[in-house]
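Engineer: here you go, sequence then predicted model.
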Amino acid sequence: MSENLSVLTKARQAYQPKLPVSLKNGALSVKINKGAATESVSDQAKIKELFPNTYGLPVVQFEAAEAKAGKALRMGVVLSGGQAPGGHNVIAGIYDGIKSVSKDSVLFGFLGGPSGLENGKYIEIDDAKMDAYRNAGGFDMIQSGRTKLETEEQFNKCIAVANKLDLDAIVIIGGDDSNTNAAVLGEYFQSKGVKTCVCGCPKTIDGDLKNEFIETSFGFDTAVKTYSELIGNIMRDANSAQKYWHFIKLMGRSASHIALEAALQTHPNICLISEEVKAKQMKLKDVIKQVADVVYARAAQGKNFGVALIPEGLLEFIPDVGVLISELSEALAHHEAEVEGLDTAAKVEKLCAWVSAESAEVLKSLPAGIQAQLMLERDSHGNVQVSLIETEKLIIEMVKKELKNRGDFKGKFSALNHFFGYEGRCAAPSNFDADYCYSLGFAASVLALNNMNGYMSSVRNVTKGIENWVAGGLPITMMMNIERRHGADKPVIRKALVELDGPMSAPFKYFAARRDEWAKTESYTYPGPIQYWGPSEVCDITNFTIKLERGAMK
């Protein structure tokens, strides 16, 4: 296989990720310091009732100590949800962690995500397999999946697999929903007297799994650096040709962290923040006017070009569009047969009679292509599939119409659309993500060694140099609240949205203080590709978001 590896891949396999001081001497040389009891972020009584065995556990912090005795561990690992750079290094950290306990320790990788655990499909990971994937992007060693483990039948199948393999622990690597699954599974295991503990690791490029103790989710750093290189290239092209507007949609359906961080790295002329749009109760026409105003002002300076960043989930944050989507889902559920086979115009005419007058007005204002996308086949829950709507094209068409309606627009508006999504999910991890993920995995091995069920591995102080990183674990229940999901109350980890005000609002405020200047000028910054070698201030640099949130940058 080595002849199929690129030069970069071979060099990255040799990179040895750095570890926090508390983990450097192996999993057996760690003292566990326990803090005070915790409680969930809200709905404490309900969460406690649902998790009687794992609620109220303390935050734990690791400290280097004299080595203690330990027996070989048998562990399983699951990759859950969308891919994120660094997943293989989490597995490498777990592998090296349990091997530091005993060379006879065994790690099983469940294939295809949670369904692999449920159905007992796995491989045993050995040295050769692990070494082939160190510091590599993607999840291809064992693949991922989106199966949700939520029924008693599924839990019992997982117990059978855990008992068959005699597992001491299972680590589920995933985002907020996947780690919620880990907590529910761990609670069930403990209630049934199963010895296997269940732990989690915080993953998502969207950046919306974070709090006081989870400073960032892994993969975010690499993904945004990958997108920012591409955005910088487009900016260079825009400023060279000076005749196109580029509208770039970026991943992040539930939060705008990716768009905001990409803006901080590249300085676009426009960056929309979904959370701000919702907070200001901006209607679709207000959003279009805001974008058109920048295009108009630049054209007045003879600048018929620019770059705009659009978060993937924008439409769901625009109040009148959100109402329209909800009403369309309801109308289509009751009148599906009546619109089947009709062309888009006829469907719109019918649907306008079944939604409110305000929603009908919004629907009619949309370009025909977007109207058609809103009426595509609905998802398994009967909802309009918002992810299929090309928001960047919608904005281009409506801005074009707005400028034409103004009458006095003398410039030119030629726009190109882009969507950067999968380009960033499997990139080779940055040095930061390589180190951070390896540390998270190693920390998970310590949690497993100490039978810490219902915990998520945690590494903090990540802006202060690896020698100051603090490893430990968090009870997953402390991050939970109750939310309405598909008609039922469910315990879930609360998503972290972009804060406009409050303790974590520094990234947005930094952006907001500069965006008017960026709108008028070509303050473009070209980050270039991710650097793996060179001075530490270049190759180990982390992202603006975490530096601003943690006070490491003013």
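Structural biologist: Nice, thanks for sending it over.
Engineer: buried residues of stretch 96-110, list them for me.
Structural biologist: 96-101, 105-110 (16 or more other CB atoms under 10 Å). Any C-beta I mention is one placed from the backbone N, CA and C, and that applies to glycine too.
Engineer: send me it as PDB with only the CA atoms.
Structural biologist: Output in PDB follows, covering the C-alpha atoms of stretch 96-110 (Å, rounded to 0.1, in the frame of the first residue of the first chain):
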ATOM      1  CA  ASP A  96      -1.900   4.300  22.700                       C
ATOM      2  CA  GLY A  97      -3.600   5.000  26.000                       C
ATOM      3  CA  ILE A  98      -4.800   1.500  26.600                       C
ATOM      4  CA  LYS A  99      -1.500   0.000  25.300                       C
ATOM      5  CA  SER A 100       0.300   2.200  27.900                       C
ATOM      6  CA  VAL A 101      -1.800   0.200  30.500                       C
ATOM      7  CA  SER A 102      -0.800  -3.200  29.000                       C
ATOM      8  CA  LYS A 103       0.500  -4.400  25.700                       C
ATOM      9  CA  ASP A 104      -2.300  -7.000  25.900                       C
ATOM     10  CA  SER A 105      -5.100  -4.400  25.800                       C
ATOM     11  CA  VAL A 106      -7.400  -4.700  22.800                       C
ATOM     12  CA  LEU A 107      -9.300  -2.100  20.800                       C
ATOM     13  CA  PHE A 108     -12.300  -3.000  18.600                       C
ATOM     14  CA  GLY A 109     -13.500  -0.600  15.900                       C
ATOM     15  CA  PHE A 110     -17.300  -0.900  15.300                       C
END
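Engineer: what about the strands in the stretch 51-200 of the chain?
Structural biologist: For the stretch 51-200 of the chain, the strands defined by DSSP state E, counting those that start in this stretch cover 58-64, 74-79, 106-110, 122-125, 169-174, 197-202.
Engineer: got a list of contacts for the second one?
Structural biologist: Translated: strand 74-79. 87, 90-91, 94, 98, 105-110, 113-114, 116-117, 122, 125, 139, 142-145, 162, 165-174, 445, 448 (CB atoms under 8 Å, 6 or more residues apart in numbering).
Engineer: pLDDT weak spots in the stretch 151-300 of the chain?
Structural biologist: Nowhere does the stretch 151-300 of the chain drop to pLDDT under 70.
Engineer: format the strands of the stretch 51-200 of the chain as a markdown table; extra columns: distance to Phe544.
Structural biologist: Output for the strands of the stretch 51-200 of the chain, formatted as a markdown table (distance: least, CB to CB, whole Å):
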| stretch | distance to Phe544 |
| --- | --- |
| strand 58-64 | 27 |
| strand 74-79 | 28 |
| strand 106-110 | 34 |
| strand 122-125 | 36 |
| strand 169-174 | 25 |
| strand 197-202 | 20 |
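Engineer: most packed of these?
Structural biologist: Of all the strands of the stretch 51-200 of the chain, strand 197-202 has the most neighbours on average by mean count of other CB atoms under 10 Å, namely a mean of 31.
Engineer: buried sites along the very next helix or strand once past that one?
Structural biologist: Using DSSP states H and E, the helix or strand that follows strand 197-202 in sequence is helix 220-241. Buried residues in helix 220-241, counted by 16+ other CB under 10 Å: 220-232, 234-235, 238.
Engineer: and for stretch 351-368?
Structural biologist: Here stretch 351-368 shows 351-352, 354-355, 359-360, 362-363, 366-367 as buried, counting by 16+ other CB under 10 Å.
Engineer: pLDDT of it, averaged?
Structural biologist: Mean pLDDT, stretch 351-368: 94.
Engineer: can you tell me what sits against it?
Structural biologist: The contact list for stretch 351-368 (CB under 8 Å, 6+ apart) reads 284-285, 320-321, 323-324, 327-328, 331-332, 334-335, 339, 344-345, 348, 371, 374-375, 393-394, 397-398.
Engineer: let's go with 7 Å and repeat that
Structural biologist: 284, 320-321, 323-324, 327-328, 331, 335, 339, 344, 348, 371, 394, 397 (CB atoms under 7 Å, 6 or more residues apart in numbering).
Engineer: just the CA atoms of it, as CSV, please.
Structural biologist: What follows is stretch 351-368, C-alpha atoms only, in CSV (Å, rounded to 0.1, in the frame of the first residue of the first chain):
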residue,chain,number,x,y,z
LEU,A,351,-50.5,26.4,-1.5
CYS,A,352,-51.1,30.1,-1.1
ALA,A,353,-54.7,29.3,-0.2
TRP,A,354,-53.6,27.0,2.5
VAL,A,355,-51.0,29.2,4.3
SER,A,356,-51.3,32.6,5.9
ALA,A,357,-51.4,35.7,3.9
GLU,A,358,-47.9,36.7,5.1
SER,A,359,-46.5,33.3,4.1
ALA,A,360,-48.2,33.5,0.8
GLU,A,361,-46.5,36.8,0.1
VAL,A,362,-43.1,35.4,1.0
LEU,A,363,-43.7,32.3,-1.2
LYS,A,364,-44.7,34.4,-4.2
SER,A,365,-41.6,36.6,-3.8
LEU,A,366,-39.2,33.7,-4.2
PRO,A,367,-37.6,32.7,-7.5
ALA,A,368,-39.3,29.8,-9.3
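Engineer: from now on call the first residue 3
Structural biologist: I'll keep to 3 as the first residue from here, and by that count the last item is stretch 353-370.
Engineer: Gly139 contacts Pro431, correct?
Structural biologist: Yes - with contacts counted by CB atoms under 7 Å, Gly139 reaches Pro431, the gap being 6.3 Å.
Engineer: shared neighbours of the two, anything?
Structural biologist: Shared contacts of Gly139 and Pro431, counting by CB under 7 Å, 6+ apart, come down to Pro87.
Engineer: out of those two, which sits in the busier spot?
Structural biologist: Neighbours around Gly139 and Pro431, counted as other CB atoms under 10 Å, are more numerous at Pro431. The numbers are 33 against 25.
Engineer: I'd assumed the more buried one was in a strand, is it?
Structural biologist: No - assessed by DSSP: H, G, I helix; E, B strand; the rest coil, Pro431 does not belong to a strand; its assignment is coil.
Engineer: residues contacting it?
Structural biologist: By CB under 7 Å, 6+ apart, the residues touching Pro431 are 87-88, 91, 137, 139, 224, 439.
Engineer: now render those residues as a markdown table, adding distance to Ala473.
Structural biologist: As requested, the contacts of Pro431 are exported to a markdown table (distance: CB to CB, whole Å):
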| residue | distance to Ala473 |
| --- | --- |
| Pro87 | 20 |
| Gly88 | 16 |
| Asn91 | 15 |
| Asn137 | 19 |
| Gly139 | 24 |
| Thr224 | 20 |
| Cys439 | 13 |
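Engineer: from those, which land in helices?
Structural biologist: Per DSSP state H, helices hold the following members of these: 91, 224, 439.
Engineer: not counting sequence-adjacent ones, nearest residue to the second one?
Structural biologist: Right, Thr224. Once flanking residues are discounted, Thr224 sits nearest to Pro87: 3.7 Å by CB to CB, 6 or more residues apart in numbering.
Engineer: thank you, goodbye.
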